[in-house]
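Q: one predicted model, sequence on top.
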Amino acid sequence: MLIEGLSGALDILLTGSTLGWLIAGILFGIVIGSIPGLGPNLGLAIVLPLTVRLDGPDAIILLISIYSGAMYGGSIAAILINTPGTAAAAATTLDGYQMTRKGKAMTALSVSATASVIGGVLATITLILLTPHLTTIVLMFGSPEYFLIALFGIALITVVARGSLVKGLTAGAFGLLLSTIGFPIAAGQPRYTFDTMMLFDGLDFVAVLIGIFAIGEMIKLAGERGGIARGGLDMGGNVASGVVDVVRAPITTIKSGFIGMFIGAIPGSGASIANFVSYAETVRSGGGDEEFGDGNHRGVIASEAANNGTVAGSLIPTLSFGIPGSGATAILLGGLVMHGLNPGPELFTTNIDTTYSIFLALLAGNAIILAVGLLFITKTSYITQVNSNYLIPLVVVFSTLGALGLRGSWLDVFTVLLFGVFGFFLMRYNYSIIAFVLGIILGPIAEENLVRSLQLSDGSLLIFVNEPIPLILTSLTVLLVGLPLLKALTNTLRKYGAMDS
Amino acid sequence: MLNRRSYLGATAGGIGTALLAGCLGEDGDGEYPDSQLRVVISWGQGGGTDLYTREIWQHIADNHDVGVQFENIEGAAGMQGLTDIYSADPDGYTLGPINSPDVAQFLIQEPGFGVDDYSYIGGYTRDVWVLVANQDEGFDDLEDVVDAYDDGDIEAIGGQPTGSPSHILAETMQNELDIQWDNYIAYDGSGAVIEAVAGDEVPVGIVTETAAEDAEDQLDVLTALHSDGSVVFPDLPAYTEYGYDDDIDFMGGFLRAFIAPPDVDDDQLEVLTDSLEEVLESDEMEEWAEETGNDVEFIPPEEALSVMEENQEEIPANIDLDDLE
């Protein structure tokens, strides 16, 4: 099946203009990733509605290429001007910018390109090898299992909501509530539609995501000053030594790529966590023999190999169960659904060629990143000097026009604008955006499958524990929610115990 | 793979052409149609109705040497776009597709007008629903399924969301044919029903013949739910071959037609109907139908309307619409 699927995928990739979309996606991704304040989420959000007229595979390959390119692009501004283009490259600033200050900017950019590509390629090859097994697992999932995995995703809000748990749960619950607008699949009565036909199908979650990730970010960017470099930059160092640096650190590179892939595969987490975990692991395994934070190329490798590894990892829950691993994959999920490629068994059976073509596109995209990264390094500094005053109106216009293209409904335009403002305030008051996104995306999956499971079991909840997979998923969710509570409880008991003694 | 036009058409192109059309007005040579046609498709891009409509009306527009602007106005189970067509100016330039099962949505949503208020251009194809079963159940025909329900060996039947045509069909089968399923399980689309039946979540399901064709090796296709049988499965017995009267034909069949707003001029309608017939019977369409497996057939407007009217009468007479909520 693997060979058959791959050859079908190769056909898709080499037919028509697919390769052109791949290259365009990577280049656009690199540019959008390297401009501080933009990033993969925004790039995907503004391009997604424009893909309406493309074939499904072309559209998805364009989107995944933007995602992959932006992951690498984020490192450019991180290294050159100490401002990560994306949150995924935040850890790259720690050593990358120090290398620039020491006159080794080109070496650092070369390390970043090489490490990104090796991390990305390793994770993608692993994903391709895992796919036949994933298929077996996905085919074992029915309504009870889908409900439980959606519930598990919702429970992850307790983990992904960094900072205040109450704020995370509030954002998640609000997302869940919004997802109940419209006609539910299992009942003939509309909910919260205020008798307007426009709301019968609820809010389009893609429009919500465009609002939050494009308009919201632009409002935020409009309020920021000094984020974008204006002066000239010293492009010292050389390309070859960067490549050699990475080749001489195979363990750091491979380990970081896999850390990225593993963290990327956990729904709700993503590259913004992976680059720090990988950096921390590299510092730890250095055992104090090495200095980090002062221009160590291994710090750049750790962060960059990991963030590109997350791309392949985050595709696992997205394609298998429709649960996004990150904001960017949430938008990618919107793209899949928009083009009739529903996550789940179909993507691993009838549409397996398309699935493999996405993976092959990732591999080919990495080759382009390497070529662009190494050949045009000296030009990259220009990108970081783009004036945001020109970007903001462009993004706002594209997002609004794009929203109209989704379903031809003005409701989507209002949704984009309203949720742009809403997203800005979410960010401003530190409410977890990914918790909100998990709520709005997983709400309908959870509800539909819960109702169906209970119909199948005549209302018995035993359907969620009487088979091995449901039992494992239920246990995981209970542990996920229960452990922090248990920990808090034992801490309190210990405190009282100490007071008693 | 489908060969689609450049993505720019999605937004800028669509809006641009709309603006252009507005600026140009109807200042052609005077012979109808002499300016751009607006075709409102009430469902998403890439679906069956969308594919048929674009193919057919592109040809018709080309034959008249005018432009055509396709607009997908989705939502409310098709009612958004169908309302748009109903309220459009009856100048003969706005039209769109309608499917006979949509009648149910008119009855449930009560938009203030009925399917018989539109001007009918003509039908372009028919489809039927079929009953499919999980292969491990070992059912040979409809009688085995009926017995299994009666004996309590199976209880559930899978279909599309509550209030959808397949749900109404399942209710009608229960009322009219006395097929005593106990538990209707709703899925989002024929693909999901097929997955559920193949994965043994539900033993039996109702899907369209074209959806069943794609999954023939994973399922047992048992019966066509229309007395005319199935074009896709010519050897498949129709339910009437088991001694039933043709009481569920009004829901078991599926007619696709094109409509225009009420009160379109008769002469203009005649031009559109003739153009539709000419294109459906052309060699290009025949080739397209063979290539894609999408069968086409010209159905006169009177016949299309009468199928809609029959549905409008039969549905409330056979099932309690309040039960669907």
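A: Arrived safely, thanks for sending. Numbering: from 1, shown residues only, chains lettered A, B, ... in the order given.

Q: can we go C-alpha only for contacts and neighbour counts from here?
A: OK.

Q: my read: residue B:200 touches residue B:134, true?
A: Yes: in this structure, residue B:200 is within contact of residue B:134 by C-alpha atoms under 8 Å, at 6.1 Å.

Q: of the two, which one has the most company?
A: More crowded of residue B:200 and residue B:134, by other C-alpha atoms under 10 Å in any protein chain shown: residue B:134, with 23 against 16.

Q: report the beta-bridge partners for the more buried one.
A: Residue B:134 has these beta-bridge partners by DSSP bridges: residue B:219.

Q: what sits against it?
A: With contact set as C-alpha atoms under 8 Å, 6 or more residues apart in numbering or on different chains, residue B:134 has these partners: B:197-200, B:202-204, B:218-220.

Q: cool, and residue A:142?
A: So residue A:142 contacts B:196, B:199, B:201 (C-alpha under 8 Å, 6+ apart).

Q: one more pass at 7 Å, please.
A: Listed by C-alpha atoms under 7 Å, 6 or more residues apart in numbering or on different chains, the contact set of residue A:142 reads residue B:201.

Q: for it, give me the pLDDT.
A: Turning to residue A:142, the model gives it a pLDDT of 86.

Q: get me the contact residues on the stretch 1-150 of chain A for chain B.
A: Neighbours of chain B within the stretch 1-150 of chain A, by C-alpha under 7 Å from any C-alpha of the partner chain: A:50-55, A:142.

Q: if you set the cut-off to 6 Å instead, what comes out?
A: Contacts of the stretch 1-150 of chain A with chain B, taken as C-alpha under 6 Å from any C-alpha of the partner chain, map to A:50-51, A:53-54.

Q: bridging residues for residue B:37?
A: Counting by DSSP bridges, residue B:37 is bridged to residue B:68.

Q: from residue B:89, how far off is it?
A: 12 Å (C-alpha to C-alpha, to the nearest Å).

Q: more crowded one of the two?
A: residue B:37 (21 against 15).

Q: tell me how far that one lies from chain A.
A: Applying C-alpha to the nearest C-alpha, to the nearest Å, the value for residue B:37 to chain A is 17 Å.

Q: kindly report the same for residue B:242.
A: Computed as C-alpha to the nearest C-alpha, the residue B:242 to chain A distance reads 29 Å.

Q: what does residue B:62 give?
A: Taking C-alpha to the nearest C-alpha, one finds residue B:62 at 21 Å from chain A.

Q: so that residue is in which element?
A: Element membership for residue B:62, per DSSP states H and E: helix B:48-64.

Q: now that helix: mean pLDDT?
A: In the prediction, helix B:48-64 has an average pLDDT of 91.

Q: and it, which residues are buried?
A: B:49-50, B:52-54, B:56-61 (16 or more other C-alpha atoms under 10 Å in any protein chain shown).

Q: which residues of chain A lie near chain B?
A: Going by C-alpha under 6 Å from any C-alpha, the residues of chain A near chain B are A:50-51, A:53-54, A:185-189, A:200-201, A:405, A:407-408.

Q: tell me how many other residues crowd the nearest residue to residue B:195 once chain neighbours are set aside.
A: With C-alpha to C-alpha, 6 or more residues apart in numbering or on different chains as the criterion, residue B:195 has its nearest non-adjacent residue at 7.9 Å, and that residue is residue A:345. By other C-alpha under 10 Å, 24 other residues sit near residue A:345.

Q: related to what we said a few turns ago, out of the buried residues of helix B:48-64, who's nearest residue B:192?
A: Nearest to residue B:192 among the buried residues of helix B:48-64: residue B:49, at 18.9 Å, using C-alpha to C-alpha.

Q: who touches the helix or strand harbouring residue A:422?
A: Using DSSP H and E, residue A:422 sits in helix A:410-428. Outside helix A:410-428, the residues that touch it by C-alpha atoms under 6 Å, 6 or more residues apart in numbering or on different chains are A:207-208, A:211-212, A:215-216, A:400, A:403-404.

Q: out of those, which comes closest to residue B:106?
A: The nearest member of the contacts of helix A:410-428 to residue B:106, counting by C-alpha to C-alpha, is residue A:404 at 26.0 Å.

Q: can you flag which of the residues of chain A next to chain B belong to helices?
A: Among these, the ones falling in helices (DSSP state H) are A:405, A:407.
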